[in-house]
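# My questions concern the predicted model and sequence given below.
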Amino acid sequence: MTRGPGYKWVALSNTLLAVILVTIDASIVLIAMPEIFRGIHLDPLQPGNSFYLLWLMLGFLIVTSVLVVGLGRLGDIFGRVRMYNLGFVVFTAGSIMLAVDWLDGRSGALFLIVFRIVQGFGGAMLLANSTAILTDAFPENQRGLALGINNIVGIAGQFIGLVVGGILAPVDWRLIFIVPVPFAVFGTIWSYLKLEELGIRKRAPIDWIGNLTFAAGLILFMVGVTYGIQPSGSSAMGWQSPLVLTLTSTGLVLLVAFVLWEIRVAHPMFELSLLRIRPFAAGILAAFLSALARGGLLFVLIIWLQGIWLPRHGYSFASTPLWAGIYLLPLSLGFLLVGPTSGHLSDRFGARGFATLGMLGSALSFGLLALLPIDFSYIWLALILFCLGSSMGLFASPNRASVMNSLPPEHRGAGAGLATTTQNSAQVLSIGLFFTLMILGLSSTLPGSLERDLSAHHLPQATVDKVAHAPPVSVLFSAFLGYNPVEALAGPKALDGLPAADRQALTGRTFFPALISGPFRRGLHAAIGFAILACLIAALASWLRGPPPAHVRRRSLEPESATVSPTQI
């Protein structure tokens with residue numbers, strides 16, 4: 001197969017479209033959830049409805065985390081372009097079905113969750129094979145630039161989705177699913193017509209036991225994490241509940257069984273021997289820790305902006321989701337500006353220094369974030385977010401290029417799948433960890449503060465007890481959804497009989513932000529401390545990655561050729 005000089009740019013542009021569609025759709029729902037729940041007439045804060053809230057928020061991430069390794073391995077066996085093209089079809093079909101949800105209440109929410117999972121399945125097929133397709137299409141000396149652009153656009157898409165969701169959802173929540181469809185249809189046709197199967201295919205039996213144990217173990221563990229941040233009985237969180245302990249322990253047992261099986265089976269789902277390649281293992285560990293630090297940060301920043309800062313600065317609670325997305329744009333800007341440049345430079349100077357400096361810069365940026373007062377001047381937050389985004393971009397592109405360059409060609413699909421799995425699963429774990437730390441900070445002082453301040457405004461004692469003893473996660477979710485927290489937790493009827501001055505004070509823009517600021521700050525510092533530690537360990541892993549393996553050094557010395565050997569089957 002003779003590859004034209006422009007093919008690599010066709011592959012890059014098509015995979016960029018796929019990656020940005022998937023990552024925007026991963027986060028677009030976060031900002032649009034208030035409008036979605038209003039549209040299907042379901043109150044997500046009512047007891048029993050948190051299941052729908054959490055799965056609508058995290059189901060997409062869980063599915064992509066679980067499936068990308070197996071789908072990447074299938075791409076190695078049956079063809080990466082073939083699996084990638086099928087992913088476009090499934091993703092497009094899932095998007096169309098989401099836009100035509102005609103059901104209300106819990107049935108409507110369940111319909112959305114099911115087809116978010118379908119959409120996530122298609123997204124996993126795209127993410128699992130796009131990196132391998134780029135690695136096949138680009139020569140060694142340009143791979144860092146291509147993978148850098150691809151990776152940075154994907155990460156930036158998560159933040160762009162917040163703004164797009166904030167703009168489209170108030171018009172009609174279905175638009176967040178309808179608008180991507182024409183682009184997905186175009187990408188599907190384009191990929192079928194233009195992409196070529198250049199990778200090495202290695203026929204092998206499918207490791208069904210490995211796939212099932214890995215998928216079941218990861219699903220059970222991450223579902224346990226999502227239920228761990230929900231209240232259980234009289235506890236603010238469910239980490240000690242029998243359900244969470246059973247889910248997480250069973251998940252871990254299945255993951256251990258997966259590793260033991262993979263060591264012994266003749267044709268494993270993932271070649272664990274690849275972890276002996278130091279740049280690959282170190283890069284995977286560093287990427288996991290980076291995503292662990294970054295994943296929950298987004299939710300903390302959204303709650304900080306929506307629940308405290310924006311209302312204090314004159315924004316209504318209903319408008320805070322959109323403005324939170326806008327005010328977070330410096331983070332995306334830093335990713336987009338620095339990521340491709342660092343990827344290009346790492347092609348010439350290696351990934352080690354860039355990745356290490358990126359993680360050290362991220363740790364420093366987190367430290368500066370901890371120094372901000374709760375009621376900050378926005379220019380300082382914007383500068384810190386830009387530095388954080390730039391540091392993450394400095395790390396992400398060289399690290400991904402180093403990981404992919406270290407792999408033998410026949411294992412690129414599985415390797416790319418594992419890299420994506422570690423990042424997506426780290427985001428789910430990060431959300432659980434950050435929420436846990438935030439809830440611990442809130443639960444120590446928030447109930448007493450609520451009881452004291454609500455009683456001072458003549459709220460009936462029964463309502464005071466109800467709100468003061470509400471789970472802290474309900475307070476966080478109400479702020480995250482852009483609801484007026486006091487009105488959402490007390491109920492509008494509970495405020496009807498109050499004097500006008502008390503009602504206005506309780507539902508105004510300053511009462512709740514002032515109430516939550518102190519407890520929030522304690523939880524914020526605990527979460528940021530964890531993120532700093534994760535970044536420092538990631539910096540150490542990046543530095544210890546060592547030189548590239550011998551087969552990579554040999555390839556880097558070979559001249560680029562426009563002719564590719566026939567596909568090996």
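Done, it's in. It should be emphasised that the depicted structure is a prediction, and the values quoted were computed from it without experimental measurement.
# which residue ranges form the helices in the stretch 151-300 of the chain?
Counting by DSSP state H, counting those that start in this stretch, the segments of the stretch 151-300 of the chain that form helices are 175-178, 180-194, 208-228, 242-264, 278-304.
# of all the ones you listed, which gets the most neighbours per residue?
Between the helices of the stretch 151-300 of the chain, the one whose residues have the most neighbours on average, counting mean count of other Cβ atoms under 10 Å, is helix 278-304 (a mean of 24). The way it works is simple: take the backbone N, C-alpha and C, and place the C-beta from them, glycine included.
# ok so, going back, I'd like the helices of the stretch 151-300 of the chain laid out as JSON lines, including distance to G48 and mean pLDDT.
Written out in JSON lines, the entries for the helices of the stretch 151-300 of the chain read as follows (distance: least, Cβ to Cβ, whole Å; pLDDT from 0 to 100):
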{"stretch": "helix 175-178", "distance to G48": "25", "mean pLDDT": "89"}
{"stretch": "helix 180-194", "distance to G48": "31", "mean pLDDT": "90"}
{"stretch": "helix 208-228", "distance to G48": "13", "mean pLDDT": "82"}
{"stretch": "helix 242-264", "distance to G48": "15", "mean pLDDT": "89"}
{"stretch": "helix 278-304", "distance to G48": "22", "mean pLDDT": "85"}
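# Make TSV out of those helices and add distance to Q423.
Formatted as TSV, those follow (distance: least, Cβ to Cβ, whole Å):
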stretch	distance to Q423
helix 175-178	23
helix 180-194	21
helix 208-228	13
helix 242-264	17
helix 278-304	4
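# among the ones you listed, which is nearest T135?
When the helices of the stretch 151-300 of the chain are compared by Cβ to Cβ, helix 278-304 sits nearest T135, at 12.8 Å.
# wait, what's in contact with M97?
Contact partners of M97, counting by Cβ atoms under 8 Å, 6 or more residues apart in numbering, are F115, V118.
# Let me know the helix or strand that it is in.
helix 80-99 (DSSP states H and E).
# Show me what counts as buried in that helix.
By neighbour count on 16 or more other Cβ atoms under 10 Å, the buried set for helix 80-99 is 80-99.
# Next: stretch 150-166.
150-166.
# do stretch 305-317 as well
Counting neighbours by 16+ other Cβ under 10 Å, stretch 305-317 gives L305, Q306, G307, I308, W309, L310, P311, R312, Y315, F317 as buried.
# ok, the fifth one to N399 distance?
It refers to W309. As for W309, its distance to N399 is 32 Å (criterion: Cβ to Cβ, to the nearest Å).
# where does this structure have low pLDDT?
When the per-residue scores of the chain are filtered using pLDDT under 70, the ranges that remain are 1-5, 47, 199-204, 233-234, 236, 413-414, 417, 482, 492, 546-569.
# care to break it down by domain?
What the record gives for the chain is the domain set 8-207+267-441+518-556, 208-266, from automatic domain parsing.
# Between its first and last residues, what's the separation in the shortest one?
Looking at domain 208-266, the gap from its leading to its trailing residue is 12 Å under the measure Cα to Cα, to the nearest Å.
# How far does it sit from its chain's centre?
In this view, domain 208-266 has its centroid 19 Å away from the chain centroid, taken as Cα atoms, centre = their mean, to the nearest Å.
# now stretch 420-430
Taking the mean C-alpha point of stretch 420-430 and that of its whole chain, the gap between them comes to 7 Å (Cα atoms, centre = their mean).
# just checking, P311 touches A514?
No - counting by Cβ atoms under 8 Å, P311 does not reach A514; the two are 9.8 Å apart.
# give the contact list for M392.
When contacts are counted by Cβ under 8 Å, 6+ apart, M392 is found next to I155, S290, R294, G334, F335, G358, S362.
# pretty sure it is in a strand, no?
No - with DSSP: H, G, I helix; E, B strand; the rest coil as the criterion, M392 is helix rather than part of a strand.
# so how far is L333 from it?
From M392 over to L333 the distance is 12 Å, taken as Cβ to Cβ.
# ok, now M359?
Relative to L333, and taking Cβ to Cβ, M359 is found at 20 Å.
# more neighbours, those two?
Per other Cβ atoms under 10 Å, whichever of M359 and L333 has more neighbours is M359, with 29 against 18.
# wait, what's in contact with that one?
Contacts for M359 were tallied using Cβ under 8 Å, 6+ apart; they are A286, L289, S290, S391, F395, C535, L536, A538, A539, S542.
# which residue packs closest to it, ignoring adjacent ones?
A539 (3.6 Å; Cβ to Cβ, 6 or more residues apart in numbering).
# Check L305 too.
Per Cβ to Cβ, 6+ apart, closest to L305 is A324, 4.2 Å.
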